[in-house]
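Engineer: Build me a model from this:
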Amino acid sequence: MATPSPQPNHALTHPVAAGIPAPLRTAMQQAAEGADTAAESPAVVQSMLEALALLGADGDTVAAAMLHSHPAWEASLRATVERDFPSIAPLLEGQRAAEQVWALHAQRHGQAGNEGLRRLLLAIVRDLRVVPILLARQLARMRHAERLPEDERRELALLTRDIHAPLANRLGIWQLKWELEDLAFRYLEPQTYQQIARLLDEKRVDRERYIEQVKGTLREAMDAQGLKADVAGRPKHIYSIWKKMQRKHVPIGELYDLRAVRVLVDTLADCYAALGVVHATWTPIPSEFDDYIARPKRNDYRSLHTAVIGPEGKTLEVQIRTHEMHRQAELGVAAHWKYKEVGSHSADAAFDRKIAWMRRLLEAGAEAGREEASLSGEFDTELLEDRIYVLTPKGEVIDLPAGATPLDFAYHVHTEVGHRCRGAKVDGRIVPLDHKLRSGDRVEIMTAKTGEPRRDWLVASNGFLASSRSRDKVRAWFHKLDRVRNETAGKELLDKELRRLGLMGADLTPAREKFNLATDGEVYVQVALGDIGPHQVGRALLEHERAREAAHAAAPATTTVTTPPSPRHVPRRSTDFTVEGVGNLLVQLARCCQPLPGEPIVGYLTRGRGVSVHRPGCASFERLAAAQPQRVLPVEWGRAGSGYEVDIEVLALDRKWLLKEVTNLIAQGNAHVVSIRSDSERNGARVRLRLRLRVGDYGQLSTLLGKLASLPGVEYAQRR
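Structural biologist: Predicted coordinates:
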């Protein structure tokens, strides 16, 4: 008589469920009494819990797995979880996000590109503790897949082969990895699977007898050398046998590791001592020795592997490792997963580094089936930068650097798509070309029939391109133009920037010296090609002015003063200025020229109002300094404050939504509008906007002016 399947709420009595926080477990039990229908069958839920117990999952992980398997529980307890158990909420979110990857895989119908899906999964899951839940649930589903219709069973097996088994492999969770691979192989290649299984069954009795003989001989040899060792036989997995047969092009009888034993010792030194005993007992096969202790695998797997000519002249594989290495080999990263139980901050930090390393490793993998050695070339380069994974309209995964924009996406698809890009949609919504993409976004590029890149795409401060590959493609396009066009275009870009900064007509010699250029024309060409940004030239000129002023200043003593609140800047707790040679003075920004942090500044000692800070070229300051030069004081900026006010002017065609676009752009740039005034010109065709903004420094101002100037219909945006 068949044993009845356990009811879903019986899962709460499973030993691994004891780790769930008691208040939540009680709430889950109450939810089960009201609605105990699970999305999975009771047998699948029980099998999932067994796999999580094997991985040593903590209570939060088990709770998240059970809640996701029972949608009614999750729906009724969602508010409770978010309020009282914030560590569980991201685990639920990660499982929901993973459903996007399963759907994308189903749409692909076995096409290539599964590595991109694996990377996308890890990028959107965020909390890596979700990965063991996904693996445990998939293993449970595969164990009971024979009850499913043929098409559903095959789809489940494909998903296991393409996504779950490779992830388990790179995590080093061998106990789950082998079973996932075997089950997927069983349903995808049933005839081959049965053929290999029959060959193994025919030899099982002889192989078991042989293994027992080897174990006894090896134990005696270890004891004779005073080595404490545990010797055990190692079960073989059908998929690994088939894979090795394919790779080596040999029949099953010529595989070395069908007969295998494992030796577990206490210390690292004992590993090599045990290796010596094995090689002294039987003749080693030199080409079949691997030292994964000295050179661990990418997933941190460590062990000694050797093959010998054992009793009766049969080949035998021997694996040697410590008990700790064995625990790592069986559970991989999952052996370290219970970080909530770590007792010190240093241990927490060590685990965080481990997880960061694992994330990079998982992102570095090659397509399933490629040799592991192929990772070595990518490991030192690809892992140094964070990545995002976005989707094409057809669901293909595109790998881009963090901070990438729709324009980067367009250039990744094709150079001509990038050149002709004029707009983009993300998840069906139109976005600007400098929009920062996130993993999981579905991007659609809108192109013109003909077109060419814009030079302001190369200005880093505009934020259009985050990928060096994209910038190189734009530069290559402009490099094809003649020098005269590049020089003219570069001068226009630079003049616009210098006008914004109040440096129009400045001598470019300091910039030429900084960038090792012989003429102003070379500066213009470099700006046009994007090799030097206009902002970099402006900064070089301002730094030169600041250094020249400092060189002329005498500095017998330095006194720090704090700026009191004034209408011209926001009160701050840190020092704003350093005034040389004097102390206990009030300091205020001059209203006439409104200097910003980072610009050259000079002080003027007023009568009764302390030190007034000006820009060196300010007309009011020059008039005061000419009349009373003894009142001029050297000053310099202190630590950055929380904001300074500056007046700017924008001239544009008068059109609908202009003011809204201007203020939205200012808000996106983390600046604040203090006041705004508009005046119509030329019979209302144009409008002049005068704004007072609060910004952090002149770098932020320069970036903001550049973006304002790029708005449709804007003739110029500059500082007043």
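Engineer: Could you list the residues in contact with the strand or helix carrying D679?
Structural biologist: Take DSSP states H and E as the rule and D679 turns out to sit in strand 672-681. Under the criterion CB atoms under 8 Å, 6 or more residues apart in numbering, residues 643, 645, 651, 654, 659, 663, 666, 686-694 lie in contact with strand 672-681. Quick note: C-beta positions are derived from backbone N, CA and C, even for glycine.
Engineer: what's around A489, how many residues?
Structural biologist: Counted with other CB atoms under 10 Å, the neighbours of A489 add up to 18.
Engineer: any idea how far the closest residue to it other than its chain neighbours lies from N486?
Structural biologist: Leaving aside its chain neighbours, A489 sits nearest to A528 (4.5 Å; criterion: CB to CB, 6 or more residues apart in numbering). Distance, A528 to N486, using CB to CB, to the nearest Å: 4 Å.
Engineer: Among the two, which residue is more densely surrounded?
Structural biologist: Neighbours were counted for A528 and for N486 using other CB under 10 Å; A528 has more, 26 against 21.
Engineer: Go through the contacts of strand 672-681 and say which is closest to L701.
Structural biologist: Nearest to L701 out of the contacts of strand 672-681 is L693 (CB to CB; 7.6 Å).
Engineer: Sitting in strands, which of the contacts of strand 672-681 do you find?
Structural biologist: Using DSSP state E, the members of the contacts of strand 672-681 that fall in strands are E645, L651, R686, V687, R688, L689, R690, L691, R692, L693, R694.
Engineer: Mind checking which of those residues are buried?
Structural biologist: For the ones in strands among the contacts of strand 672-681, a neighbour count by 16 or more other CB atoms under 10 Å gives the buried set as E645, L651, R686, V687, L689, L691, R692, L693, R694.
Engineer: which among the ones in strands among the contacts of strand 672-681 gets closest to A404?
Structural biologist: Closest approach to A404 among those (CB to CB): L693, at 28.8 Å.
Engineer: Now for that closest one: which residues touch it?
Structural biologist: Counting by CB under 8 Å, 6+ apart, L693 makes contact with E645, V646, D647, I648, I666, A671, H672, V673, V674, L701, L704.
Engineer: Can you say which of these are buried?
Structural biologist: Buried, going by 16+ other CB under 10 Å: E645, V646, I648, I666, A671, L701, L704, out of those.
Engineer: Which residues does the third one form beta bridges with?
Structural biologist: Legend: beta-bridge partners of I648 under DSSP bridges are L691, R719.
Engineer: That one is in contact with A709, isn't it?
Structural biologist: No. When contacts are counted by CB atoms under 8 Å, I648 is not listed as touching A709 (10.7 Å).
Engineer: Give the intersection of the neighbour lists for those two.
Structural biologist: Common neighbours of I648 and A709, counting by CB under 8 Å, 6+ apart, are A717.
Engineer: Scan the chain for its longest helix.
Structural biologist: For the chain, the helix that runs over the most residues, judged by DSSP state H, is helix 190-224.
Engineer: What mean pLDDT does the helix or strand that that helix is followed by get?
Structural biologist: Remark: after helix 190-224, the chain's next helix or strand is strand 230-233, criterion DSSP H and E. Across strand 230-233, the average pLDDT comes to 86.
Engineer: For the residue nearest to T80 when sequence neighbours are not counted, which three-state class applies?
Structural biologist: Leaving aside its chain neighbours, T80 sits nearest to A27 (6.0 Å; criterion: CB to CB, 6+ apart). Three-state assignment for A27 (DSSP: H, G, I helix; E, B strand; the rest coil): helix.
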